[in-house]
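*Asks:* give me coordinates for this.
(2 chains)
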Amino acid sequence: MLLKELSEAFGVSGHEGAVRRVIVDAIKDLVDEHRVDALGNLIALKKGSGESKRKVMVAAHMDEVGLMIVYVEREGSLRFRPVGGIDDRVLLSKKVLIGDNKVPGVIGVKPIHLLEPKQRNQVMRVEEMSIDIGAASKDEAEHSVKLGDYAAFDVPFTELGGTLRTVKGKAFDDRAGCAVLIELLRGSYPFDLYAAFTVQEEVGMRGAQVAAYSIAPDVAFALEGTICDDLPKKRDVSPTTTLGAGPAITVMDRSVIADPRLVNLLAETAQKNGIPYQFKQPGIGGTDAGAIHLSRQGVPSVVVAVPSRYIHAPVCVLSLDDLDNAVRLMRETLAQVQGLDLDR
Amino acid sequence: MQTKEFLKKLSEASGVSGYEAPVRELVREEFLQYTQELRVDPMGSLIACKRGEPNGAGPRRSIMLAGHMDEIGLLVTKLEKGFLRFGTVGGFDLRVLLGQEVVVHGKKDLPGVIGTRPPHVLSAEEQEHILPLDKLFIDVGLSPEELAQWVRVGDIITIQRGFTELSNNLVSGKAFDDRAAVACIANCLQHLTTLRHTWDVYAVATVQEEVGLKGALTSAFGIAPDVGIAIDVGHGNMLGVPEVDTVNVGGGPALAIGPNIHPTMYSRLVDVAKANEISYQPDAIPGRSGTDAWAMQVAREGMPTALISIPLRYMHTSVETISLKDVERIGRLLALFISGLNEEFARDIGLPQAPA
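*Replies:* Below you'll find the predicted structure:
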């Protein structure tokens, strides 16, 4: 399964090469041109039939949150900092792979037996943690690892099954979006479709900003693996999205107010085709659309996302039904885009 | 089997306290390579006996080696909206549970994950707190109806973690506490196939150590050996922990000294280590050792007991880290110690003598 390959590839923000290689292999026979820009974005063009002069950009980011080695201790332990937003509390007792040689290491912790009772309830800060690769000295550690190396969680992709067709793995934010975008490239469209597999979303939508500039699209869609916070809670305000309830359409998040004409087109298309869908709870999270909609003189933009539990933690869970329905919804919607009145 | 391969199999197997059957079968298979005399006691401990060579007119003597095969784990306490609430079996650090992969042993094994709320929806204040058990849930990706079909309250859950080789002969994984000791004992039995010994050797993989040294208590009673050695793990050196609290990973067996240890057992272990150039580390334990040795020492009328610890970092997490060299050294030390046991030692340590 392509999602497995995408999920298991390493691509912490700033170091997306391995993911890009997987994607190039998957799309090279589906597109007319592809190139890699200065930041590392993979931009592919699927030429249209010529019926429509519109340029449509569909973006998904290749990068994932992860860690970077910032210091090597005399004893050989590695100090690290997060790349992107990671809750310190999910880091302890995890296995990571470091650098291009995938050197294995573990994030250990002082055992509970040696803790003062009050320490048991104290959050351990990332600054206090270290990675153990088995090296006994700084010299020895620096044989296999160097300052600035990226580290990612080591999590095999697994199918959980059931009626929701759930799977677990790492980095579904946003390899789920990448998987949807690759599927879309199998279709044919009346307009030129620019597929942008972007870099550095997790550190501030850096890739999308320059990709949107160079593509200069008339309309844009960002594809995401988004927050699904549906664990039981005492005071349940909103799960943001719900697993298995279909692709989530963003009306507004912290980075963008989606173009209402695109929101309506998506919702109407879903209804017309009997595709389940949901609206993401407004106001939470940010996506590449935040950068794209401000490109040049502005670009009408919207986000379609696959709900994914536990994003920004080592292991995520999503429903393949949601992913398939995101593909369907996007296909049907793209078929309508040429007729959409985008004049103000 | 090679020590590393055996340890990998043991570590990746499931065997939460009271539910040791899966790991016991692996131990049985391995111990059968060295002796056909095997039994499982009513509590579930696996007891293998490798008989010593006949010792003329002297009494039959025996030594018990104990390593516990159980691990700490979790169990289902409630099904809620398609998720599982859970409790702990043994001493868990709640700080290491978030984002951990697990296997729920329902009517079939279900892989799952301990859910986390994404930082996007959490206030800074919320990220200041360790989540108590009542805010933790396991997700196996099934609908509420499917979940009820496969899982019930009381089902056992093990943490999922693959065995990992680090550099310097260090390895990392779950349940090295105390499966690494079982690997030491297997290694010892392997050495004993080429060493002469007159004492019977009871190799025991005990159960329910993590919930109160229970398997050692009953198996020591059942065997009634002359002397006993428990093999367990001791806190290894790591960043941020004072040296006084630790022994060095890769520094050789840690030999315990203290009220739990018979001084003659200790000094003989030291003599054997020195004579064979096996590096070792003295490990002062001023009271309760918290190991099977504590239960063995007071079985029946009491027995001379020793404790050998494998230096281990990050105890009771899924990334426990040890040196394979230490495991092999302990296997060899045990075998050499056993092959040197004789009536002179029995007299030195004060065992009852055969009537003249």
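*Asks:* number of nearby residues for residue 210?
*Replies:* Answering for chain A, as no chain was given. Other residues within reach of residue A:210 by the criterion other C-beta atoms under 10 Å in any protein chain shown amount to 21. (C-beta placed from N, C-alpha, C; glycine too.)
*Asks:* hmm, I had chain B in mind actually
*Replies:* 23.
*Asks:* also residue B:46?
*Replies:* 24.
*Asks:* what residues are up against the closest residue to it other than its chain neighbours?
*Replies:* By the measure of C-beta to C-beta, 6 or more residues apart in numbering or on different chains, the closest residue to residue B:46 outside its immediate chain neighbours is residue B:205, 4.4 Å from it. The contact partners of residue B:205, by C-beta atoms under 8 Å, 6 or more residues apart in numbering or on different chains, come to B:23, B:24, B:27, B:31, B:45, B:46, B:67, B:68, B:69, B:182, B:185.
*Asks:* tell me how many other residues surround the fourth one.
*Replies:* Using other C-beta under 10 Å, residue B:31 has 24 neighbouring residues.
*Asks:* now swap in the third one and tell me
*Replies:* With neighbours defined by other C-beta under 10 Å, the count for residue B:27 comes to 28.
*Asks:* quick one: what helix or strand has it in it?
*Replies:* With elements taken from DSSP states H and E, the one containing residue B:27 is helix B:21-31.
*Asks:* and that helix, what does it pack onto?
*Replies:* The contact analysis (3 or more C-beta pairs under 8 Å, 6 or more residues apart in numbering or on different chains; DSSP states H and E) places helix B:21-31 against helix B:3-12, strand B:37-40, strand B:46-50, helix B:176-192, strand B:200-206.
*Asks:* how about that helix: buried residues?
*Replies:* Across helix B:21-31, burial judged by 16 or more other C-beta atoms under 10 Å in any protein chain shown covers B:23, B:24, B:26, B:27, B:30, B:31.
*Asks:* re the thing from before, relative to residue B:23, how far out is the residue nearest to residue B:46?
*Replies:* In this structure, residue B:205 and residue B:23 are separated by 8 Å, where distance is defined by C-beta to C-beta, to the nearest Å.
*Asks:* show me whatever sits in contact with both of the two.
*Replies:* Overlap of the contact sets of residue B:205 and residue B:23 (by C-beta under 8 Å, 6+ apart) consists of residue B:69.
*Asks:* one step back: average pLDDT for the helix holding residue B:27?
*Replies:* Per-residue pLDDT values across helix B:21-31 average out to 98.
*Asks:* contact partners for the closest residue to chain A within the stretch 1-150 of chain B?
*Replies:* Among the residues of the stretch 1-150 of chain B, residue B:141 lies nearest to chain A; the distance is 3.0 Å by C-beta to the nearest C-beta. Listed by C-beta under 8 Å, 6+ apart, the contact partners of residue B:141 are A:160, A:161, A:162, A:164, A:166, A:167, A:168, A:317, A:319, B:112.
*Asks:* spatially nearest residue to the second one, not counting backbone neighbours?
*Replies:* To tie it back to what came earlier, the one meant is residue A:161. With C-beta to C-beta, 6+ apart as the criterion, residue A:161 has its nearest non-adjacent residue at 7.3 Å, and that residue is residue B:141.
*Asks:* next, the one you found: secondary structure please.
*Replies:* When the structure is split into helix, strand and coil by DSSP: H, G, I helix; E, B strand; the rest coil, residue B:141 lands in coil.
*Asks:* same check on residue B:168?
*Replies:* Following three-state DSSP, residue B:168 is assigned to coil.
*Asks:* give the buried residues for stretch B:223-237.
*Replies:* B:223, B:225-237.
*Asks:* how about stretch B:285-297?
*Replies:* Judged by neighbour count using 16+ other C-beta under 10 Å, the buried positions of stretch B:285-297 are B:285, B:289, B:291, B:292, B:293, B:294, B:295, B:296, B:297.
*Asks:* whether stretch B:65-75 contacts chain A - can you check?
*Replies:* No: interface with chain A: stretch B:65-75 contributes nothing (C-beta under 8 Å from any C-beta of the partner chain), its closest point being 10.1 Å away.
*Asks:* show the end-to-end separation of that stretch, please.
*Replies:* The separation between the terminal residues of stretch B:65-75, taken as C-alpha to C-alpha, to the nearest Å, is 30 Å.
*Asks:* for it, what is the distance to the chain centroid?
*Replies:* 6 Å (C-alpha atoms, centre = their mean, to the nearest Å).
*Asks:* on that earlier part again, of the contacts of residue B:141, buried ones?
*Replies:* For the contacts of residue B:141, burial is judged from neighbour counts taken by 16+ other C-beta under 10 Å, and it is met by A:160, A:161, A:162, A:164, A:166, A:167, A:168, A:317, A:319, B:112.
*Asks:* ok, so of these, who is nearest residue A:228?
*Replies:* Looking at the buried ones among the contacts of residue B:141 and their distance to residue A:228, the nearest is residue A:317, at 8.2 Å (C-beta to C-beta).
*Asks:* that closest one touches residue A:309, doesn't it?
*Replies:* Yes: Residue A:317 is within contact range of residue A:309, at 4.4 Å (criterion: C-beta atoms under 8 Å).
*Asks:* joint contacts of those two?
*Replies:* Overlap between the contact sets of residue A:317 and residue A:309, as judged by C-beta under 8 Å, 6+ apart, is given by A:243, B:139.
*Asks:* which residues does the closest residue to residue B:151 other than its chain neighbours contact?
*Replies:* Counting by C-beta to C-beta, 6+ apart, residue B:151 lies nearest to residue B:106, which is 3.9 Å off, once chain neighbours are set aside. Shown in contact with residue B:106 (C-beta under 8 Å, 6+ apart): B:150, B:151, B:152, B:155.
*Asks:* how about the contacts of residue B:141 in TSV, adding secondary structure and distance to residue A:50?
*Replies:* As requested, those are exported to TSV (DSSP: H, G, I helix; E, B strand; the rest coil; distance: C-beta to C-beta, whole Å):
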residue	secondary structure	distance to residue A:50
A:160	strand	45
A:161	strand	44
A:162	coil	45
A:164	coil	41
A:166	strand	42
A:167	strand	39
A:168	strand	43
A:317	strand	43
A:319	strand	38
B:112	strand	51
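*Asks:* can you name the two of the residues you listed that are farthest apart?
*Replies:* When these are compared pair by pair using C-beta to C-beta, the farthest-apart members prove to be A:319 and B:112, with a separation of 14.8 Å.
*Asks:* and residue A:316, how far from residue A:160?
*Replies:* Counting by C-beta to C-beta, the gap from residue A:316 to residue A:160 is 12 Å.
*Asks:* what's around residue A:163, how many residues?
*Replies:* Burial of residue A:163 is recorded as 12 neighbouring residues (other C-beta under 10 Å).
*Asks:* I'd say it and residue B:146 touch.
*Replies:* Yes: if you go by C-beta under 8 Å, residue A:163 and residue B:146 touch, sitting 6.3 Å apart.
*Asks:* got the domain ranges for the chain?
*Replies:* This is for chain A. Using automatic domain parsing, the domain ranges for chain A come out as A:2-64+A:170-337, A:69-153.
*Asks:* sorry, I should have been clearer: chain B.
*Replies:* Following automatic domain parsing, one finds the domains of chain B at B:3-71+B:174-348, B:73-159.
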